[in-house]
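Q: please work out how this folds:
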Amino acid sequence: MAWLRRWAPELAVTVAVLVGSLFAVLNDGAKPAHHAAVGWVLTVLGCAAVFLRRKFPLSVAGFTLVCCALYYPLTDPDGLVLLAFAYALYNAAAAGRIRGAALLVVAAMAGVAVGEVGSRTGRHVDNFAFFLMTGWFVALVAGGAVAHYRAEAERTKEAEARARATDERLRIARELHDALGHHLSLINVQAGAALHRRDPAQAEEALGTIKDASKTALQELRATLGMLRQAEPSLSRVAELAESVGASGLTVRTEIDGVARDLPPDVEHAAFRVVQEALTNVAKHAGANTVVVRLGYGADVLSVQVDDDGRGGDAPPGTGIRGMAERARALGGELTAAPREGGGYRVRARLPVR
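A: The predicted structure is shown next:
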């Protein structure tokens with residue numbers, strides 16, 4: 001049953017304390033019990049407090065220590081209420097109250113020492129038992145601390161795993177948006193053109209472009225879902241992008257500043273996706289005739305700039321620009337997207353080259 005599994009440790013401690021105390025009384029039956037009622041009340045209170053250890057770990061440990069401090073000097077024979085304190089002490093340390101648990105150990109052993117020194121009937125705890133009890137309590141606190149830090153490490157590991165899973169989901173979402181959004185936008189533009197063109201040759205050309213775009217979209221989808229890192233996009237495919245967008249009637253020019261060279265895969269990937277998303281937005285929203293893609297190869301930075309001569313104005317709401325900015329920031333770079341003073345729109349990204 002669920003409640004039995006939940007309270008199993010507390011029930012086990014309670015049974016051990018009560019049964020052990022009962023056996024101590026029965027085995028000492030030749031002597032009259034001393035303040036037996038008080039002893040049983042303190043025993044029951046100590047056991048009952050253990051059931052609150054999840055909510056108040058340090059308070060329960062302190063309360064059971066008080067029960068022990070009253071029980072052993074006042075009653076006879078000695079029961080096992082100390083076991084309740086030991087369990088509560090371990091639980092307090094395991095709950096992260098390590099300093100408080102250590103202070104309780106100091107208080108407990110100081111109380112034993114003071115009680116032994118001031119006892120009128122002689123010592124009840126010899127040196128060996130005193131040091132043994134001290135070592136036992138220290139071991140309980142140390143064991144609880146180890147359990148606490150292990151649990152913290154597990155929680156940290158789980159949190160990092162969740163964060164990595166979230167980042168991976170966002171990365172896949174960006175990949176799907178960038179890859180499929182671009183090609184589907186071209187398909188939409190070409191489908192609209194085919195519907196309004198009366199010339200069969202022009203309509204056939206638009207349908208051919210739709211076929212090629214849909215084929216590329218399927219290839220990108222398979223690569224993204226299969227996590228085929230070796231098939232990641234690179235800047236060598238910018239010309240291919242320009243050609244696909246040019247099929248919709250736009251004039252796309254590609255300009256290169258500096259000497260083109262191989263870049264880290266993550267930089268090339270991000271730069272390609274920025275160009276792809278910018279061209280997609282131009283084809284869908286800008287109403288432009290010409291687009292210029294400039295790639296600037298600096299010593300330690302790659303600049304990507306896409307200018308169009310369209311209507312300009314504010315960017316349409318959506319995840320495109322936000323996704324481009326996230327890619328740039330992930331590499332320590334930056335991205336700006338705003339209307340140009342002379343008309344049209346400009347997307348510019350600066351990506352550090354590590």
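Q: can you pull out the helices in the stretch 251-354 of the chain?
A: Here the stretch 251-354 of the chain has its helices, by DSSP state H, counting those that start in this stretch, at 265-281, 320-330.
Q: now do the chain
A: Applying DSSP state H to the chain gives helices spanning 2-6, 8-27, 36-50, 57-74, 81-94, 98-117, 127-196, 200-225, 238-246, 265-281, 320-330.
Q: how far does the first one sit from the chain's center?
A: Helix 2-6 has its C-alpha centroid displaced from the chain centroid by 30 Å (Cα atoms, centre = their mean, to the nearest Å).
Q: and it, C-alpha only, in PDB?
A: Presented in PDB, the C-alpha positions along helix 2-6 are these (Å, rounded to 0.1, in the frame of the first residue of the first chain):
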ATOM      1  CA  ALA A   2       1.100   3.500  -0.700                       C
ATOM      2  CA  TRP A   3       0.900   4.800   2.800                       C
ATOM      3  CA  LEU A   4       2.900   1.900   4.100                       C
ATOM      4  CA  ARG A   5       5.700   2.600   1.600                       C
ATOM      5  CA  ARG A   6       5.600   6.200   2.500                       C
END
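Q: now what about that helix, what contacts it?
A: Helix 2-6 has contacts (Cβ atoms under 8 Å, 6 or more residues apart in numbering) with Leu11. For the C-beta atoms, the positions are set from N, CA and C on the backbone; glycine is no exception.
Q: what is the least confident helix or strand in the chain by mean pLDDT packed up against?
A: Least confident helix or strand, the chain: helix 200-225 with a mean of 71, by mean pLDDT, DSSP states H and E. Helices and strands touching helix 200-225, by 3 or more Cβ pairs under 8 Å, 6 or more residues apart in numbering; DSSP states H and E, are helix 127-196, helix 238-246.
Q: as TSV, those with mean pLDDT and mean neighbour count would be great.
A: Converted to TSV, the helices and strands packed on helix 200-225 look like this (pLDDT from 0 to 100; neighbours: other Cβ atoms under 10 Å):
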stretch	mean pLDDT	mean neighbour count
helix 127-196	81	15
helix 238-246	80	18
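Q: export those as a markdown table, with columns for distance to Gly62.
A: Shown next, in a markdown table, are the helices and strands packed on helix 200-225 (distance: least, Cβ to Cβ, whole Å):
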| stretch | distance to Gly62 |
| --- | --- |
| helix 127-196 | 14 |
| helix 238-246 | 70 |
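Q: any low-confidence regions in the stretch 1-150 of the chain?
A: 28-33, 118-124 (pLDDT under 70).
Q: burial count for the nearest residue to Ile321 once chain neighbours are set aside?
A: Of all residues beyond its chain neighbours, the one nearest Ile321 is Ala337 (5.0 Å), with distances taken as Cβ to Cβ, 6 or more residues apart in numbering. If you count neighbours by other Cβ atoms under 10 Å, Ala337 ends up with 21.
Q: for Ala337, give me its contacts.
A: Ala337 neighbours (Cβ under 8 Å, 6+ apart): Ala315, Ile321, Met324, Ala325, Tyr345, Arg346, Val347, Arg348.
Q: which one of the helices of the chain lies closest to Arg311?
A: Smallest distance to Arg311 across the helices of the chain (Cβ to Cβ): 12.1 Å, for helix 265-281.
Q: what's the neighbour count on Asp307?
A: Neighbour count for Asp307, taken as other Cβ under 10 Å: 22.
Q: swap in the one 5 residues further on?
A: In terms of burial, Gly312 registers 19 neighbours under the definition other Cβ under 10 Å.
Q: you'd agree it is up against Gly343?
A: Yes. Taking Cβ atoms under 8 Å as the definition, Gly312 is a contact partner of Gly343 at 5.6 Å.
Q: let me know the distance separating the closest residue in space to Val189 that isn't next to it in sequence from Gly192.
A: Computed as Cβ to Cβ, 6+ apart, the closest residue to Val189 that is not its neighbour in sequence is Ser248, at 4.7 Å. Counting by Cβ to Cβ, to the nearest Å, the gap from Ser248 to Gly192 is 10 Å.
Q: can you check Cys47 too?
A: Cys47 is 79 Å from Gly192, by Cβ to Cβ.
Q: same check, this time on Pro264
A: Applying Cβ to Cβ, the value for Pro264 to Gly192 is 39 Å.
Q: Gln276 too?
A: For Gln276, the distance to Gly192 (Cβ to Cβ) stands at 21 Å.
Q: ok, Arg174 to Arg327 distance?
A: Per Cβ to Cβ, Arg174 is found 7 Å from Arg327.
Q: who touches both of the two?
A: Residues touching both Arg174 and Arg327 (Cβ under 8 Å, 6+ apart) are Arg273.
Q: returning to that earlier point: dump the contacts of Ala337 to JSON lines, plus pLDDT.
A: Output for these, formatted as JSON lines (pLDDT from 0 to 100):
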{"residue": "Ala315", "pLDDT": "66"}
{"residue": "Ile321", "pLDDT": "81"}
{"residue": "Met324", "pLDDT": "85"}
{"residue": "Ala325", "pLDDT": "88"}
{"residue": "Tyr345", "pLDDT": "90"}
{"residue": "Arg346", "pLDDT": "90"}
{"residue": "Val347", "pLDDT": "92"}
{"residue": "Arg348", "pLDDT": "93"}
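Q: between those, which is closest to Asp300?
A: Lowest distance from Asp300 to these (Cβ to Cβ) belongs to Arg348, with 17.1 Å.
Q: strands along the stretch 251-354 of the chain, start to end?
A: 251-257, 290-297, 301-308, 334-339, 345-352 (DSSP state E, counting those that start in this stretch).
Q: how near is the closest residue to Val282 other than its chain neighbours to Leu250?
A: Leaving aside its chain neighbours, Val282 sits nearest to Asp308 (4.7 Å; criterion: Cβ to Cβ, 6+ apart). According to Cβ to Cβ, Asp308 and Leu250 sit 8 Å apart.
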